[in-house]
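Visitor: quick one, fold the following:
(2 chains)
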Amino acid sequence: MIRKTKLSAVILGLAALAGADFAAACSTAQWGAGSPPGGGTIGATAGSPATSNGQSFRRYAGACGLRAQAAGQIVQDGTPATAESRYIASFYVNANAGANTNVFTMMADETTDYAIVTVRHTGTGFVFVNRNGTASSEITAAPGKWYQVHLDWSRAASTLDVTVKGNAGATNTASPVQLTGFTLADPGDGPDYVQLGWVSGGTTGTVNVDAFESRRATAIAKLCRGDANNSFVTSNGTTGITVGDAVTISNEATTLGAANPTYGAGQTDCNEDGSISVSDAICVSNRAFIANVCTNQP
Amino acid sequence: MSLTKSILAVAAALAFAGAASAANEVIVTGSKAANSRVFAFDLATDGNVAGFEFQVEIPQGTEKAFNLNACVSDLPKDLAAKCAINGNGRLHIFVFSPTAKAIPAGVLPIGKVSLNARGVVWNPNVTNVIMADTKGQESTATVQKSID
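Guide: Below is the predicted model of the structure:
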């Protein structure tokens, strides 16, 4: 589980402990900055995949991810300040919890708190809901697959630019979709904290989230799928996807279920299907043949 | 494997085995003569390689003149392999162990390619050589060419 925020010029990440039991090393302790109501973690737990079939924890990057198995299991970040004029966030979500599962809210901390922005997985895609409950058109997103959701909220324009990319390129909004009507109840309000996980709604299942990052400016690029060893640029500086990534994935897939699985440090789930297997190594072998793949087809 | 290639491969293996510090090497053998443009690829390994890849520059406009049917056909069946012209217009060979096991030390025959383009002289230049150990850590390797 990676949580990073640049809103307060702080970048935090889970320390990788080489050779350690990653399941035990995973933590949500980095959440809760800015003292959001209720604290940093409510019910959700972080962990590493124990098996290759995706039935345990899932993560997009690094060794750890956050899993919520019921509505209300979330992590919270209170670093946004009320007067933020712009709020940019990126996170990865793998939702399979039934219809209308809310996975992210950008909250105004008022007498009665309200969501300025809600990201909802309908079961077949993502919609973006404003404070009045008006939902956008749906962007297709299959359940059980990984997607990057990127948000860019503007106070002045009351707009929300969204991009969704994932499921091995099956969904890829080439340019941000600009949504309108993301207003505040009072001009003095603003984003005070955000919630990530299984916020509300849904029925049964699991919501997995990972690699949250927020900023005041500059879009947040998608992590390159298949860059399993996190080398990105290799010693010869040619491409981010190499045979080293394929072996990293093979190594992880064959050690999952063992006492100390060997997790890749980067994005091992190349096909973004929520499980790690040799199919991800083959995905890497295909992507290695694409020119500038991490730039053109992240 | 041709006799010439066999001799070269054995010589490479002996040289490899006798090296003070083991290293990995891509070995290219063949001919650049216009009427015989068949090239074979082997890999001399130190026993710590679980995957490798390299690219080969090819003459511009000759992509469709290559026969790649035997490009990785000499490899053991327990290795996953792909050989194709990549997005950068280079011949690209990509091989890895799906179980992340090391390839035994020695000379590993990979396969051969042929170029059927009249009047084109090809002196294959191997680039972007990457070796991966059983943990996925990357390193490079040397290239030995024996082109007559």
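Visitor: need the residues of chain A near chain B, please.
Guide: Within reach of chain B by CB under 8 Å from any CB of the partner chain, chain A has these residues: A:228-229, A:231, A:234-236, A:238, A:242-251, A:254, A:262, A:264, A:278, A:281-282, A:285-286, A:288-293. In short, each C-beta sits where N, CA and C put it, glycine included.
Visitor: so which of these belong to helices?
Guide: Members of the residues of chain A next to chain B lying in helices (criterion: DSSP state H): A:243-251, A:254, A:278, A:281-282, A:285-286, A:293.
Visitor: mind telling me what element the spatially closest residue to residue B:27 that is not a sequence neighbour is part of?
Guide: Spatially, and ignoring its direct neighbours in sequence, residue B:27 is nearest to residue B:42 (4.3 Å; CB to CB, 6 or more residues apart in numbering or on different chains). Assigned by DSSP states H and E, residue B:42 belongs to strand B:38-45.
Visitor: pLDDT averaged over that strand, what's the number?
Guide: Averaged over strand B:38-45, pLDDT sits at 96.
Visitor: swap in stretch A:147-166?
Guide: Mean pLDDT, stretch A:147-166: 97.
Visitor: buried ones in it?
Guide: Within stretch A:147-166, the residues scored as buried using 16 or more other CB atoms under 10 Å in any protein chain shown are A:147-153, A:155, A:159-166.
Visitor: sorry, back to before: just the buried ones from the ones in helices among the residues of chain A next to chain B?
Guide: Buried among these (16+ other CB under 10 Å): A:243-251, A:254, A:278, A:281-282, A:285-286, A:293.
Visitor: can you tell me which of the buried residues of stretch A:147-166 lies closest to chain B?
Guide: Chain B lies nearest to residue A:165 out of the buried residues of stretch A:147-166, by CB to the nearest CB, at 19.8 Å.
Visitor: so the closest one touches residue A:176, yeah?
Guide: No: using CB atoms under 8 Å, residue A:165 makes no contact with residue A:176, being 11.1 Å away.
Visitor: tell me which residues touch the residue nearest to the spatial centre of chain B, please.
Guide: Central residue of chain B (CA atoms, centre = their mean): residue B:41, 3.4 Å from the mean position. Contact partners of residue B:41, counting by CB atoms under 8 Å, 6 or more residues apart in numbering or on different chains, are B:26, B:27, B:28, B:71, B:93, B:110, B:111, B:112, B:113.
Visitor: Serialize those residues to TSV and add fields for secondary structure and neighbour count.
Guide: Below are these laid out as TSV (DSSP: H, G, I helix; E, B strand; the rest coil; neighbours: other CB atoms under 10 Å in any protein chain shown):
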residue	secondary structure	neighbour count
B:26	strand	22
B:27	strand	26
B:28	strand	21
B:71	coil	24
B:93	strand	26
B:110	strand	26
B:111	strand	20
B:112	strand	23
B:113	strand	25
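Visitor: which of these sit farthest apart?
Guide: B:27 and B:71 (14.9 Å; CB to CB).
Visitor: distance of the closest residue to residue A:205 other than its chain neighbours from residue A:140?
Guide: Nearest-residue entry for residue A:205: residue A:97, 3.7 Å, with adjacent residues in sequence omitted and distances by CB to CB, 6+ apart. Residue A:97 is 17 Å from residue A:140, where distance means CB to CB, to the nearest Å.
Visitor: same deal with residue A:209?
Guide: Applying CB to CB, the value for residue A:209 to residue A:140 is 19 Å.
Visitor: just residue A:253 next, same as before
Guide: Residue A:253 is 28 Å from residue A:140, by CB to CB.
Visitor: neighbour count winner among those two?
Guide: Higher neighbour count among residue A:253 and residue A:140: residue A:253, with 25 against 13, using other CB atoms under 10 Å in any protein chain shown.
Visitor: surely that one and residue A:277 touch.
Guide: Yes: with contact defined as CB under 8 Å, residue A:253 and residue A:277 form a contacting pair (5.2 Å).
Visitor: within range of chain A, give me the residues from chain B.
Guide: Near chain A, when you scan chain B using CB under 8 Å from any CB, you find B:50-53, B:80, B:82, B:84, B:86-88, B:92, B:94-100, B:127-140.
Visitor: helices of chain A, residue ranges please.
Guide: With DSSP H as the criterion, chain A has helices at A:22-25, A:243-255, A:278-287, A:293-296.
Visitor: list the buried residues for the last one?
Guide: Residues of helix A:293-296 classed as buried by neighbour count (16+ other CB under 10 Å): A:293, A:294.
Visitor: let me know the closest of the buried residues of stretch A:147-166 to residue A:180.
Guide: Residue A:180 lies nearest to residue A:159 out of the buried residues of stretch A:147-166, by CB to CB, at 5.5 Å.
Visitor: residues in a beta bridge with that closest one, which ones?
Guide: When bridges are called by DSSP bridges, residue A:159 pairs up with residue A:154.
Visitor: tell me which residues touch it, please.
Guide: A:153, A:178, A:179, A:180, A:182.
Visitor: ditto for residue A:229
Guide: Residue A:229 neighbours (CB under 8 Å, 6+ apart): A:244, A:245, A:248, A:264, A:265, A:266, B:136, B:137, B:138.
Visitor: at 7 Å what do you get?
Guide: A:244, A:245, A:248, A:264, A:265, A:266, B:136 (CB atoms under 7 Å, 6 or more residues apart in numbering or on different chains).
Visitor: also residue A:292?
Guide: By CB under 7 Å, 6+ apart, the contact set of residue A:292 is empty.
Visitor: ok so, going back, filter the contacts of residue A:159 down to the buried ones, ChimeraX style.
Guide: Here is the ChimeraX selection string for the buried members of the contacts of residue A:159, based on 16+ other CB under 10 Å:
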select /A:153,179,182
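Visitor: in TSV: the contacts of residue A:159, plus distance to residue A:127.
Guide: TSV is the format used below for those (distance: CB to CB, whole Å):
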residue	distance to residue A:127
A:153	16
A:178	15
A:179	10
A:180	14
A:182	13
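Visitor: surely the residue nearest to residue B:27 touches residue B:107?
Guide: Yes: contact criterion CB atoms under 7 Å: residue B:42 and residue B:107 qualify, at 5.4 Å.
Visitor: more neighbours: those two, which one.
Guide: More neighbours surround residue B:42 than the other of residue B:42 and residue B:107, with 25 against 21 (other CB under 10 Å).
Visitor: now the more buried one: how far from chain A?
Guide: Separation of residue B:42 from chain A (CB to the nearest CB, to the nearest Å): 17 Å.
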